[in-house]
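In: Structure for this input, please:
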Amino acid sequence: DSPMYFTGSREVAASIKSNHTNLVASTGGPNTLITTELTPEVEEAIRFSAAIENSGQCTALRHVVAKDCDEEVMERLLAAIPVVSTPKDSLQAEEFSGVFNFADIVREDAGAHYKSSDGAQGLARYTIRDSLPPTGIEEHWRNVVVDVTRPASEVSSEEFLNEMSTWLVDNQPITVAFNGDYHAARQLWERTGQVVFTVGTLTQPALTCQARPQDGEVFGEFPVRRELNTHTTFPVIVPSPTPGYNARYSPSYLQAAAADAEGAVALAGDNCESRDVAGYLSVLSSYLKDACGPKRGRGVRSTLYGLQTPPQNGQLTHVRIGADGSFDDAVRSILPFWLTNARSQLSISVHPSNPAAADKCVAAGFGDVVVLEDDAGFEHAVGHNKPYNVVHAASSPPEKLPLAGQFISTLFCVGHVKSTASDDAAFFDEFTNSDK
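Out: Got it, this is the predicted structure:
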């Protein structure tokens, strides 16, 4: 039961959690830069992002999407990567992006389809595709390896934005940078669950390696959402107090909160067997009232942070109450959707042999989204519809209930979206009005 905190690859996190369930893990992801057009400034942003600290930063670039990016472009920008022998050399040259001349000692086999650049002593590699990379591409930590996608359609087209958003949801990069079109950037952001999403122009481009949590640029390294519980108990959010991941509410606090519930929260709580859970619903409601809505950062860049809906891409979150599932456990995941504009992104699946849970869902006001289906029907629906997330209700709720912020982060998206410019009125106008 001892708490454990881990930062590393998804594969290692999954291995640890299979043996130690009380794990909170911060994991990686294929950071992606998208641009509507290549300019000298965007080329520099790609180089900076790909080679930051010998690709040693968690936000180092792994994937570029640019319609006009070919082998000549990649050779040109990778040839400009400085090759240094020590960190002292980089400090003296005031360079944060480069490769060590001894980097080949950690060189990984990327595959025959990757080409070593002619420049940078062959220490940078790339491949160019006409389609997006396969799901689950290797991150190649400490190796400068770049996948380039040259889409057939325009990057800002509806067709490609849908394709790109699906890839981002399925791969969950740590960061995404979008350069060239604020409206297209907003459309992509709304359809994804990115923690760090930066927009720039073709002359002042965004890098993937940009996030200052102390300025409201909330940071996190999340697994793919429907695989979250395989890797970690909660997503790791920066800044947040590490002990908070293992903090729990006292029963007396929750029971007092239950007495203050009103409206839909009170109705849901009245159908709970546990007064602790009824109080927890009230706590979640109070948290949502405070946390929802865009909040401006306080740094040099123009930043909005706060809770976000799940990706607005047609995918749902399925809350499954099986034959032995508990309404008290399920309602914790249902109510946050019901109280917000994410309500349309929820489906409640109840096993027909559990009529008590189905009746409670209807009595609590959730009847419009309840579906009765056996296990085979549910698995078929999940396989066919590919939901964003699946939450399985246990036979009873946890004895100790986690802090509201940590729990909500397992259901909703969190993080920030920002512009590279200061006091960017066009950015605030575009993104503040989003219903995400």
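In: Just the element for the residue nearest to Y388 when sequence neighbours are not counted, please.
Out: Leaving out its chain neighbours, the residue that sits closest to Y388 by CB to CB, 6 or more residues apart in numbering is Q315, at 3.9 Å. Where you see a C-beta, it was placed from the backbone N, CA and C, and this is true even at glycine. With secondary structure defined by DSSP states H and E, Q315 is part of neither a helix nor a strand.
In: residues making contact with the helix or strand of the chain with the lowest mean pLDDT?
Out: Every helix and strand in the chain was compared by mean pLDDT, DSSP states H and E; the lowest is helix 87-93, with a mean of 87. Applying CB atoms under 8 Å, 6 or more residues apart in numbering, the set of residues contacting helix 87-93 from outside is P82, V84, F96, G98.
In: Now, those that are in strands?
Out: With strands identified by DSSP state E, the entries of the contacts of helix 87-93 that belong to them are V84.
In: tell me the two of the contacts of helix 87-93 that are most distant?
Out: Using CB to CB, these span at most 11.1 Å, a distance reached by V84 and F96.
In: if we can go back for a sec, the residue nearest to Y388: neighbour count?
Out: Per other CB atoms under 10 Å, the neighbour tally for Q315 reads 21.
In: Mind checking the pLDDT average for the longest helix seen in the chain?
Out: The helix that spans the most residues within the chain, counting by DSSP state H, is helix 275-291. This predicted structure assigns helix 275-291 an average pLDDT of 97.
In: Likewise for stretch 240-258?
Out: Across stretch 240-258, the per-residue pLDDT values average to 94.
In: Show the end-to-end separation of that stretch, please.
Out: One end of stretch 240-258 to the other measures 27 Å (CA to CA, to the nearest Å).
In: Likewise for stretch 346-358?
Out: Start-to-end span of stretch 346-358 (CA to CA) is 15 Å.
In: and that stretch, which residues are buried?
Out: Of the residues in stretch 346-358, L346, S347, I348, S349, V350, H351, N354, A357, A358 count as buried by neighbour count, 16 or more other CB atoms under 10 Å.
In: Out of those, which comes closest to L401?
Out: Closest to L401 out of the buried residues of stretch 346-358 is A357 (19.2 Å), distances taken as CB to CB.
In: Distance-wise, check M164 relative to R62.
Out: Computed with CB to CB, to the nearest Å, the distance linking M164 and R62 is 15 Å.
In: ends of stretch 247-263, how far apart?
Out: Using CA to CA, the two ends of stretch 247-263 sit 28 Å apart.
In: go on, stretch 243-260?
Out: Using CA to CA, the end-to-end distance of stretch 243-260 comes out at 28 Å.
In: before we move on, what about stretch 126-133?
Out: Across stretch 126-133, the straight-line distance between its terminal residues is 12 Å, by CA to CA.
In: tell me which residues in that stretch are buried?
Out: Of the residues in stretch 126-133, those scored as buried under the neighbour-count criterion (16+ other CB under 10 Å) are Y126, T127, I128, L132, P133.
In: show me the contacts for the fourth one.
Out: By CB under 8 Å, 6+ apart, the contact set of L132 is V65, T149, E163, M164, W167.
In: Please, where are all the helices along the stretch 151-300 of the chain?
Out: Remark: helices assigned in the stretch 151-300 of the chain by DSSP state H, counting those that start in this stretch are 158-171, 182-190, 228-231, 251-259, 263-270, 275-291.
In: Dump the ones you listed to TSV, plus distance to D1.
Out: Supplementary listing: these in TSV, determined by distance: least, CB to CB, whole Å:
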stretch	distance to D1
helix 158-171	32
helix 182-190	38
helix 228-231	17
helix 251-259	19
helix 263-270	29
helix 275-291	20
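In: do you know which of these lies nearest N19?
Out: Between N19 and the helices of the stretch 151-300 of the chain, the tightest spacing by CB to CB is seen for helix 228-231, at 12.6 Å.
In: next one: that closest one to chain centre, how far?
Out: The offset between the C-alpha centroid of helix 228-231 and the centroid of the whole chain comes to 13 Å, using CA atoms, centre = their mean, to the nearest Å.
In: Ok, stretch 343-361 next?
Out: Going by CA atoms, centre = their mean, where stretch 343-361 is centred and where its chain is centred differ by 27 Å.
In: ok, residues contacting it?
Out: Judged by CB under 8 Å, 6+ apart, the contacts made with stretch 343-361 from elsewhere in the structure are 271, 309-310, 312, 315-327, 330-331, 334, 337-338, 366-367, 369-375, 378, 381, 387-388, 393.
In: Can you list phi and psi of the residue nearest to T317 when sequence neighbours are not counted for me?
Out: Distance criterion CB to CB, 6+ apart; nearest residue to T317, sequence neighbours excluded, is N389 at 4.4 Å. Backbone torsions of N389, given as degrees, to the nearest 10, read phi -150, psi 150.
In: Run a quick neighbour tally on N389.
Out: By other CB under 10 Å, the residues close to N389 number 22.
In: and what of G306?
Out: By the measure other CB under 10 Å, the count of residues near G306 is 18.
In: okay, now P87: neighbour count?
Out: P87, neighbours per other CB under 10 Å, totals 12.
In: can you check N271 too?
Out: Burial of N271 is recorded as 20 neighbouring residues (other CB under 10 Å).
In: What separation do you get for it and F366?
Out: In this structure, N271 and F366 are 10 Å apart, going by CB to CB.
In: just K400 next, same as before
Out: 25 Å.
In: Tell me where the protein is predicted with low confidence.
Out: Residues of the chain meeting the criterion pLDDT under 70: none.
In: doesn't G415 make contact with Y305?
Out: Yes. Applying CB atoms under 8 Å as the test, Y305 and G415 come out as touching, 6.9 Å apart.
In: When the two are compared, which one has more neighbours?
Out: Each of Y305 and G415 has its neighbours counted (other CB under 10 Å); G415 has more, 25 against 20.
In: For stretch 405-414, what is the distance to the chain centroid?
Out: Here stretch 405-414 shows a centroid-to-chain-centroid distance of 11 Å under the convention CA atoms, centre = their mean.
In: whoops, stretch 157-168 was the one
Out: Here the centre of mass of C-alpha atoms in stretch 157-168, compared against the chain's by CA atoms, centre = their mean, lies 16 Å away.
In: buried residues in that stretch?
Out: Neighbour-count burial for stretch 157-168, counted by 16+ other CB under 10 Å, picks out F160, L161, E163, M164, S165, T166, W167, L168.
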